[in-house]
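Visitor: Curious how this folds, go ahead:
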Amino acid sequence: MEIFSTVNIFGSVVLLFMMIFYILESKSDSYTLAFGVACLGSSLYGWLAGTWPFGIIELAWGIFAFNKWNRTRKNNIEKSGIRQ
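Guide: Reported below is the predicted structural model:
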């Protein structure tokens, strides 16, 4: 197995973004959305690397993050009085 393969570099970058967005999640809803996207990228890495359990778990984290983003976005819209 090659350490610096394209798949491993992709996985490392995606996991780095995931950690950064997770840390920043409390600052803005946009970071929660970005965390969800990074989770999907991490899931893709899991599937490409042949570690399907990792791919499934990261897909679940992505879904949870998108649900959280949607809830907080709706709450913020209701608090601000903006109608859709």
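Visitor: those helices in the chain, which residues are they?
Guide: 6-24, 29-49, 52-80 (DSSP state H).
Visitor: Comparing those, which yields the minimum mean pLDDT?
Guide: Note on the helices of the chain: helix 52-80 shows the lowest mean pLDDT, a mean of 92.
Visitor: Please point out which parts of that helix sit buried.
Guide: Judged by neighbour count using 16 or more other Cβ atoms under 10 Å, the buried positions of helix 52-80 are Phe54, Gly55, Glu58, Leu59, Trp61, Gly62, Ala65, Phe66, Lys68, Trp69. The way it works is simple: take the backbone N, C-alpha and C, and place the C-beta from them, glycine included.
Visitor: In contact with the third one, which residues?
Guide: Right, the one you point to is Glu58. Cys39, Leu40, Ser42, Ser43, Tyr45, Gly46 (Cβ atoms under 8 Å, 6 or more residues apart in numbering).
Visitor: what's the closest non-adjacent residue to it?
Guide: Setting aside the residues directly before and after it, Glu58 is nearest to Ser43 in space (Cβ to Cβ, 6 or more residues apart in numbering), at 3.8 Å.
Visitor: try the fifth one
Guide: If the residues on either side of it in the chain are set aside, Trp61 comes closest to Cys39, at 4.4 Å by Cβ to Cβ, 6+ apart.
Visitor: Same question for the second one.
Guide: Of all residues not flanking Gly55 in the chain, Gly46 sits nearest, at 3.2 Å (Cβ to Cβ, 6+ apart).
Visitor: next one: the first one
Guide: Among residues not flanking Phe54 along the chain, Gly46 sits closest, at 3.6 Å (Cβ to Cβ, 6+ apart).
Visitor: what's the spacing between that neighbour and Val7?
Guide: 10 Å (Cβ to Cβ, to the nearest Å).
Visitor: ok, these two, which is more surrounded?
Guide: More crowded of Gly46 and Val7, by other Cβ atoms under 10 Å: Gly46, with 20 against 14.
Visitor: Spit out the contact partners of the more buried one.
Guide: Residues in contact with Gly46 (Cβ under 8 Å, 6+ apart) are Trp52, Pro53, Phe54, Gly55, Ile56, Ile57, Glu58.
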